[in-house]
Structure formats: structure tokens, C-alpha cells
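1. Generate a structure from the sequence data that follows.
(one chain, ligands or ions: 2)
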Amino acid sequence: LLGADGTVASTVFAEMTALAQRTGAINLGQGFPDVDGPATVKHAAIRAIEDGHNQYPPGPGILELRNAVASHQYRHYGLDPDPETEVLVTTGATEALAATILALAGPGDDVVTLEPFYDAHAACIALAGANHVTVPLVPGADRFRLDLDALRVAVTDRTRLIIVNSPHNPTGTVLDLDELDAIAAGARRHDAVVVTDEVYEHLTFDDARHVPIATLPGMRQRTIAISSAGKTFSFTGWKIGWLHGPEPLVTAVRTVKQFLTYTSGAPFQPAIADALSDDETPRALADSLAARRDVLCAGLVRAGFDVVVPQGTYFVIADGAPLGFEDGTALCRELPVLAGVVAVPVSAFCTPGSTTARTLVSRVRFTFVKRPEVLHEAVGRLSRLG
Ligand code: PMP
Ligand code: GLN
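-> Residues are numbered from 1 along each chain as shown. Ligands and ions are numbered 1, 2, ... in the order given. A predicted model of the protein is given here:
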């Protein structure tokens, strides 16, 4: 977790946002919307502050929000966690991941992730002192696919956790039933717990549909499912997340959460509890994101990049090799000057020196969760690269 010179390294997202601020480039690096979520939800938080929701809420989260999470899971997926014992409110999905991994894995345990992986997955595995094992997502013409042979080799009796992320950051892949079945079979065979990061659950496009792995046979009792209001309702700065799973696992995670943050943002919890009954806002966001994805992908292709069109999330991966950019990290450093745009190298989501890091070395990630006029300006600028 330290930089090469022993100083604390900042995340690639913070670094790229700082680069955008320094150079005035358009920030298509860090994934956050440039339009806030619904005014009604903002007003609910303001009202909650005025109504005195300003001291420590209950450690597991207010019951109203835990009920809303349980009802959301039932409505969308037929899952029925008990709000009293099987749901925990967290400070974003980030804390849910940290508390889960710290509670359930330690030295001597293997923790399997997909590769590329979201940076916090790897950092939390390192904090837990566990061993990080990865399974490649391999780029194809239509999407990135899980390497099922590599999965069979990676999951063993040493595997304590398998961390799934679908819809997947950074590839935009939505895992299909065959892939989810293979992961579930590995978890059952080797008695591993699945931790599933579903923060983009509602942000899927075209025919892609998110299937929670907890709905597969035998998986409810061995899955911790994690999500967050940040992505679904465009309030990434509010840091209200949650998880659910079987009581013994959730109890272990709650024990760790007590000593990470104790509780999570009081006035935001009732506001998100209200928001969670609204299925229209996430649906409208997914539709508008699909259109913005199309603007960015078409612009990237016109500029000379190869793209794998994402099925979900905020992100698309583009390959700079056809333009002569063989190193995505170097491209991201030069892009603000060459084109006035900031992106993130895919190598930041890979184990340094891994096969996947080498395979994806020339690829960079762009976000399209920006207003259409910003995306049009960005693709205009990128067309200068050719
Ligand atoms: N998981 C993934 C895959 C993400 O992309 C992100 C970033 N937004 C998070 C977790 C963190 O979510 P939160 O902001 O709710 O902590
Ligand atoms: N999840 C966002 C992304 O992938 C950023 C979150 C962060 O800055 N840690 O870009």
C-alpha cells in the first residue's frame, strides 16, 4: 500500500482527478456523475438534519433503511434478508468491502478476485494479510469474459473468499449465468464465501441483466452482497452503502464495522431509505447512461481506439494500440496535454507484472457518467489524436 519511496500512495482516481484539476483537462478518469441525484432526496436529507438526525445512529444502521434494503432486495431479486439480523448499513460500499474482508479473511487464506479488479478489493486483501489470487477477464469482440479454466485452478481448499463484481468496474462486463454458476460451483465445492460487489446493479444496458449470485442454488447462506446508494442515485459523496448475508457472517462483519466507523452518516440514512423505494430514477439513469455510452464509444472509435462496448457501469475500456500508444500509463500521463482529457490506465486495476496486466497494457478506462455536452467536447478533443 506504500509508494515506491515509502510514502503513502494516493489512489489512481485521486491522482487522475488532481491531474485534471491541474491541467484543466476534462476528467473522464474518476467515476462520479457531474449531475446530482433527485432534488427530493436532497431535501429529505436537509429535512433530516433540521429534524435532529444529527447524533450517532444505531451501529447497524437505522431500521427504516435496513427495511428499505430488504424490501429492495425482495422486489428486485426475490431475496428476503432479515432486516434485524442480516442487513448492515455501511459507509459506502468501500467500508462494506473492508469490514467484510477484514472479518472473514486473514493470513494463510486465499482471496480470489477477477482481474482487472477494483483497487479497494486488492487493498483490503493486503490489509487483511491474506493472499490475493486472480482470475482473468479476457477481452473478446463483444465483452470481457471470465476465464473459466483459470477459475477452476484458482479456487482451492485454501480459498476463503471469492470476490465477485458485476456489473464490473473497469470492464463494464455483466457476468452471465454460466460464469456465475461456475463461481458458485467453486464456492460450494471448496466451502468458500462469496463477496459480491453489486454497486452498479441497476446500471445495465441493452439486454444485459444483473443476476445476484446469492439467488443461485445453495448460495444465499454463503454470500455477502454489497451495494451502495452512490451509483444508483448519483450521490457518490454521501457514502451510504449496505450489505446483507446470513446472520453469522453479518455478525462478524458488524463486529469489525464497529471499529472502522462505528456508525454511518445519520441524516443521509432516512433520505436513502426513501429513495430506495423509487425504481424509476435508477431505470432512467441506466437509459440515459446507455445513450452517453454510445456517444463516448462512437467518439473513441472515430478517434482510432478499439473499444469493447460495456454492458453496464460508468466505464468503457479503450485500446490505444491502434493509435500507436502501447503503454496505457504513459498515454494517461500524456492525454491531458495531447487532447485535454484524463483517463485511467487499466494496469491500475491489475497485479503489477501479471499476465492480465501485460495483456491489457495498452488499455485505458474512460467514464461516460458526464453530461452529453461534456462527452461531445471530449470526443472532439480526442479526435485530434489520430
Ligand atoms: N466497488 C466498485 C466496483 C466501485 O466502482 C466503487 C466506486 N464507486 C465502489 C465499490 C465504492 O463505492 P462507495 O463509493 O459506495 O464506497
Ligand atoms: N469508483 C470510482 C471509480 O472507479 C472512484 C472511487 C474512488 O475514487 N475511490 O472511478
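
2. Could you list the residues of the stretch 51-200 of the chain in contact with ligand 1?
-> For the stretch 51-200 of the chain, the residues in contact with ligand 1 (Cβ under 6 Å from any ligand atom) are 92-94, 118, 165, 169, 197, 199. Backbone N, C-alpha and C define where each C-beta goes, glycine included.

3. change it to 5 Å
-> Neighbours of ligand 1 within the stretch 51-200 of the chain, by Cβ under 5 Å from any ligand atom: 92-94, 118, 169, 197, 199.

4. List the contacts of residue 218.
-> 184, 188 (Cβ atoms under 8 Å, 6 or more residues apart in numbering).

5. re the thing from before, list the ones among the residues of the stretch 51-200 of the chain next to ligand 1 that fall in helices.
-> 92-94 (DSSP state H).

6. how would you label residue 136: helix, strand or coil?
-> Here residue 136 is strand, with the state taken from DSSP: H, G, I helix; E, B strand; the rest coil.

7. Just give the closest residue to residue 148, not the sequence neighbours.
-> Beyond its immediate neighbours in the sequence, the residue positioned closest to residue 148 (Cβ to Cβ, 6 or more residues apart in numbering) is residue 182, lying 5.1 Å away.

8. give me the element the one you found is part of.
-> Residue 182 is located in helix 177-189, with elements delineated by DSSP states H and E.

9. Grab the nearest non-local neighbour of residue 311.
-> residue 208 (3.7 Å).

10. Could you check how far that neighbour is from residue 202?
-> Separation of residue 208 from residue 202 (Cβ to Cβ, to the nearest Å) stands at 12 Å.

11. now residue 375
-> As judged by Cβ to Cβ, residue 375 and residue 202 stand 21 Å apart.

12. Next: residue 41.
-> 15 Å.

13. Can you say which two of the residues of the stretch 51-200 of the chain next to ligand 1 are spatially most distant?
-> By the measure Cβ to Cβ, 92 and 169 form the most distant pair in those, at 13.9 Å.

14. ok so, going back, among the ones in helices among the residues of the stretch 51-200 of the chain next to ligand 1, find me the one that's closest to ligand 1.
-> residue 92 (2.5 Å; Cβ to the nearest ligand atom).

15. how many other residues sit next to the closest one?
-> Around residue 92 there are 24 other residues, counting by other Cβ atoms under 10 Å.

16. Could you do residue 71 as well?
-> 15.

17. Let me see the contact set for it.
-> Residue 71 touches 276-277, counting by Cβ under 8 Å, 6+ apart.

18. where exactly do the helices run in the stretch 151-300 of the chain?
-> 177-189, 229-233, 247-260, 268-275, 280-303 (DSSP state H, counting those that start in this stretch).

19. Same list, these, but as TSV with distance to residue 336 please.
-> Formatted as TSV, these follow (distance: least, Cβ to Cβ, whole Å):
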stretch	distance to residue 336
helix 177-189	36
helix 229-233	26
helix 247-260	35
helix 268-275	34
helix 280-303	15
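
20. okay if I get these as CSV plus mean neighbour count and distance to residue 28?
-> Below are these laid out as CSV (neighbours: other Cβ atoms under 10 Å; distance: least, Cβ to Cβ, whole Å):
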stretch, mean neighbour count, distance to residue 28
helix 177-189, 18, 28
helix 229-233, 25, 16
helix 247-260, 17, 31
helix 268-275, 25, 27
helix 280-303, 17, 8
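
21. can you list these in CSV and add mean pLDDT?
-> Shown next, in CSV, are the helices of the stretch 151-300 of the chain (pLDDT from 0 to 100):
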stretch, mean pLDDT
helix 177-189, 98
helix 229-233, 97
helix 247-260, 98
helix 268-275, 98
helix 280-303, 98
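
22. okay, how far is it across stretch 210-220, tip to tip?
-> For stretch 210-220, the first-to-last residue distance is 16 Å (Cα to Cα, to the nearest Å).

23. How far away from the center of its chain is that stretch?
-> Mean-position distance between stretch 210-220 and its chain equals 18 Å (Cα atoms, centre = their mean, to the nearest Å).

24. Nearest to ligand 2: which residue in the stretch 101-250 of the chain?
-> For the stretch 101-250 of the chain, Cβ to the nearest ligand atom, closest residue to ligand 2: residue 169, 5.2 Å.

25. Would you mind confirming that that residue makes contact with residue 121?
-> No - using Cβ atoms under 8 Å, residue 169 makes no contact with residue 121, being 9.9 Å away.

26. returning to what we had before: any idea how far the residue nearest to residue 148 is from residue 213?
-> For residue 182, the distance to residue 213 - Cβ to Cβ - is 11 Å.

27. Packing partners of the helix-or-strand element of the chain with minimal mean pLDDT?
-> When each helix and strand of the chain is scored by mean pLDDT, DSSP states H and E, helix 12-23 comes last, with a mean of 88. If you count contacts as 3 or more Cβ pairs under 8 Å, 6 or more residues apart in numbering; DSSP states H and E, helix 12-23 packs onto strand 26-27, helix 328-339, strand 341-342, strand 344-345.
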